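Asks: Just a sequence and a predicted model for now, questions to come.
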Amino acid sequence: MTFDANTPSAYGAPFDRSTPSDTRSPVFQKTLKSSIGCTGVGLHSGVRVAMKLHPAPPGTGIVFKRVDLVGGGAVIEARWSRVVDSRMCTVIADQNGIGVATVEHLMSAFCGAEVDNAIVEINGPEVPAMDGSALPFVFLIECAGVTEQDQPRRALKILRRKSYFNGNKMVALGPHDEGLLIDFHIDFSAPAIGQQSCSFTVGRENFKTELSQARTFGLLSDVTALREAGLARGGTLDNAIVVDGDRILNDDGLRHDNEFARHKALDAVGDLYLTGYPIIGHFTGRCSSHADTASLMRQVYADDTCWEMVDLWHTPANKPMWADHKSDMVAYA
């Protein structure tokens, strides 16, 4: 997530409309091989939490479980239908309002690692910030290992472009046959950030090397206002890039010249994975936020002519392809 006060393809070959042949085999869902945990401080809450990632059966999706609450805690599906706040980060909650904040970095890691099913047990209100990027979560997933399951993997394929405008901000989701393409452009008045752009097709290797390392960032001038609003209480130079005009205050500097734009793309990957499925489409963000992406996805789900569910297939060359097979899907808003 970004806390500013102004708030090769994973899927392989292009979409194939031919009938699946006997030479193709389905791509299967994946989960973790074993459980693994970590501890850290929530970026906004400042609360120290422990989190464990567990394997889950096929069809589970990503599910968060608050284990610090009396009576067994709350179980919250990581879906758009559970998003209750997206102003400064993405917050999901159950029907009783019990939630987990700042899920986007972990969700981004699950998407990049192609993990479909997992139980996330957490004993506090917010996913730990770690170093402000998704890389520590990618490391956890790699340590736990990923295993194939016995049910086919499906994807949400975008058929028609949808756009959402909010002043000078814009987000759009349109057709693209080669997996998920993310384009992002930002424009900040702080000279240390300025105008930056990035473009990536999300796959396991390039997600890890090109996107997962990008850290959240904020402006020093906004810190006081954010903390008075109950935000950024756990933010430090260890888990965020802090910018003061033309200066980067972190001793280690930047990990990429356009790390700010890359982090916004990382956030978008995590937010989009709240569909519960990989997306086959082209996402464009222009100075946009979590809230803008949420507004766009409400439009997408409200129009079932602009998307379809497709099966994923391996070709003989081991490149996944898509069968032309549409099915019903619950519209999460």
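Replies: In hand now; what should we look at? Numbering: from 1, shown residues only.
Asks: can you give me the offset of stretch 99-119 from its chain's centre?
Replies: 6 Å (Cα atoms, centre = their mean, to the nearest Å).
Asks: for the stretch 51-200 of the chain, what spans make up the helices?
Replies: Using DSSP state H, counting those that start in this stretch, the helices of the stretch 51-200 of the chain run over 104-112, 135-144.
Asks: Need the winner for burial among the ones you listed.
Replies: Of all the helices of the stretch 51-200 of the chain, helix 104-112 carries the top mean neighbour count, a mean of 28, counting by mean count of other Cβ atoms under 10 Å. Backbone N, C-alpha and C define where each C-beta goes, glycine included.
Asks: any idea of the angle that one forms with helix 135-144?
Replies: Calculated by axes from the mean of the first three to the mean of the last three Cα atoms, to 10 degrees, helix 104-112 forms an angle of 40 degrees with helix 135-144.
Asks: Alpha carbons of helix 104-112, in CSV - could you do that?
Replies: C-alpha atoms of helix 104-112 as CSV (Å, rounded to 0.1, in the frame of the first residue of the first chain):
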residue,chain,number,x,y,z
GLU,A,104,-2.7,-6.0,-0.5
HIS,A,105,1.1,-6.8,-0.2
LEU,A,106,0.4,-10.4,1.0
MET,A,107,-2.3,-10.8,-1.7
SER,A,108,0.1,-9.5,-4.3
ALA,A,109,2.7,-12.2,-3.2
PHE,A,110,0.0,-14.9,-3.4
CYS,A,111,-0.9,-13.8,-6.9
GLY,A,112,2.8,-13.6,-8.0
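Asks: low-scoring pLDDT stretches of this structure, where are they?
Replies: The model of the chain has pLDDT under 70 over residues 1-22, 71-72, 227-232, 315-333.
Asks: so who does the residue nearest the centre of it touch?
Replies: By Cα atoms, centre = their mean, the chain has its centre lying nearest to residue 270, at 0.4 Å. Contact analysis of residue 270 by Cβ atoms under 8 Å, 6 or more residues apart in numbering lists 90, 103, 104, 105, 106, 107, 108, 109, 111, 134.
Asks: From the structure, what's the count of residues near the closest residue in space to residue 93 that isn't next to it in sequence?
Replies: Distance criterion Cβ to Cβ, 6 or more residues apart in numbering; nearest residue to residue 93, sequence neighbours excluded, is residue 99 at 3.2 Å. Residue 99: 20 surrounding residues under other Cβ atoms under 10 Å.
Asks: All further residue positions should be reported with the first residue as 538.
Replies: In the new numbering, first residue 538, that becomes residue 636.
Asks: was I right about residue 636 contacting residue 628?
Replies: Yes - the criterion here is Cβ atoms under 8 Å, and residue 636 meets it with residue 628 at 5.3 Å.
Asks: Now the common contact residues for the two.
Replies: The contact sets of residue 636 and residue 628 overlap at 621, 622 (Cβ under 8 Å, 6+ apart).
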